[in-house]
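Peer 1: 3D, please:
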Amino acid sequence: MEPTDKPRTRSRSPEHSSRRRDRDDAGQISQEDYFRLNAPFRLWLRKEKDRYFDEMSSDKAHRYFKSFVRAWNRGELRSKYYKQDGELSNLSKTVVTRHNWAFASKVDQSELDSVKDDIRRSTHTSNMETTAVKAPGQQGTRTRDTDIKRDTEAERVASEERWEERRAQRKQERRRARDREEQILDEVAPKETGREAQLMKKRAQHQARHTKQSLDVDIPDSEMYANSTDSLNHLKRERDTREQRKQEYQARRDDGSRDERLKEHAEKEQRTIEALKAMAEQSRAQGLGMSKKWAQ
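Peer 2: Okay, the predicted model is just below:
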């Protein structure tokens, strides 16, 4: 009797076994878990892909989440990614975002927190309703689960779209305010070029920046620019004074050569008159020649 080969067994590392246990505990996920697993997904982007969720478009983020789902279901992620979403949500924001921008307003943070609360409430409601629907003896469980998930996903998408719309509106308001400021500066800043003009424009920008209030609050234009009227009038007076001095200096400088320019101008006019006379004589001579030819 021929000896049979014993089946080979491959020992698994403790890390792989831990991943297997974590994956089994976490269960399978799908694209519908995009919002529920946002925290581990952000951490995965930062640590594994060297990318930041807040710098991605929605389409690109969903494409990366598809790869995240595959790695999750295959048990290829590290154990920390399979932790509960609540544990990962306590991570510092500097871990998953590149910067804490200095101009990020309180309104942005408040709205972001509001969107997060909506997502958290929607997820909690979805879990409770799904549990209630799956009670023994009820019919149409799968259909109800699908309807609940669809409604929850629609609420999440609507919350995200509202936040994006408000952010785009504030960005447009900031752009309009900058355009108005540039228009005022173009009227006030000196027309000539040079170092003095650059300094004047910088001073005007500095004063305008300190007179307007925060753009995150809805303030009428009349109130926003009321305090800058005096400073703008002062800059206009300075510009007029500078223009007047420049003209006086130019006039004194031109006194010495005025007679010479007048003489040159008179000579130029005389040459022009003589040239016109010559052209008229030539035209007249050509006209007489043609008349004689037709007479013959």
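Peer 1: For Arg271, grab phi and psi.
Peer 2: When read as degrees, to the nearest 10, the backbone of Arg271 gives phi -60, psi -40.
Peer 1: For it, give its distance to Arg252.
Peer 2: Remark: distance between Arg271 and Arg252 (C-beta to C-beta, to the nearest Å) = 31 Å. Every C-beta, even on glycine, is put in place using the N, C-alpha and C of the backbone.
Peer 1: what's the answer for Arg63, then?
Peer 2: The value you get for Arg63 to Arg252, if C-beta to C-beta is used, is 72 Å.
Peer 1: These two - which one has more neighbours?
Peer 2: Arg63 (12 against 9; other C-beta atoms under 10 Å).
Peer 1: From Asn38, how far off is the more buried one?
Peer 2: 15 Å.
Peer 1: just Arg284 next, same as before
Peer 2: 94 Å.
Peer 1: quick one: which of those two has more around it?
Peer 2: When Arg284 is set against Asn38 and neighbours are counted by other C-beta under 10 Å, the residue ahead is Asn38, at 20 against 10.
Peer 1: So for the more buried one, what's the pLDDT?
Peer 2: The score at Asn38 is 89. That number is its pLDDT.
Peer 1: just Lys277 next, same as before
Peer 2: Value listed for Lys277 in the pLDDT field: 91.
Peer 1: Just the element for it, please.
Peer 2: Assigned by DSSP states H and E, Lys277 falls within helix 258-295.
Peer 1: Mind giving me the packing neighbours of that helix?
Peer 2: Helices and strands touching helix 258-295, by 3 or more C-beta pairs under 8 Å, 6 or more residues apart in numbering; DSSP states H and E: there are none.
Peer 1: Ramachandran angles for Leu37?
Peer 2: phi -100, psi 30.
Peer 1: give me the number of residues near it?
Peer 2: For Leu37, the count of nearby residues is 20 (other C-beta under 10 Å).
Peer 1: Touching, it and Ile29? I think so.
Peer 2: Yes - shown here, Leu37 and Ile29 form a contact pair, counting by C-beta atoms under 8 Å, at 6.5 Å.
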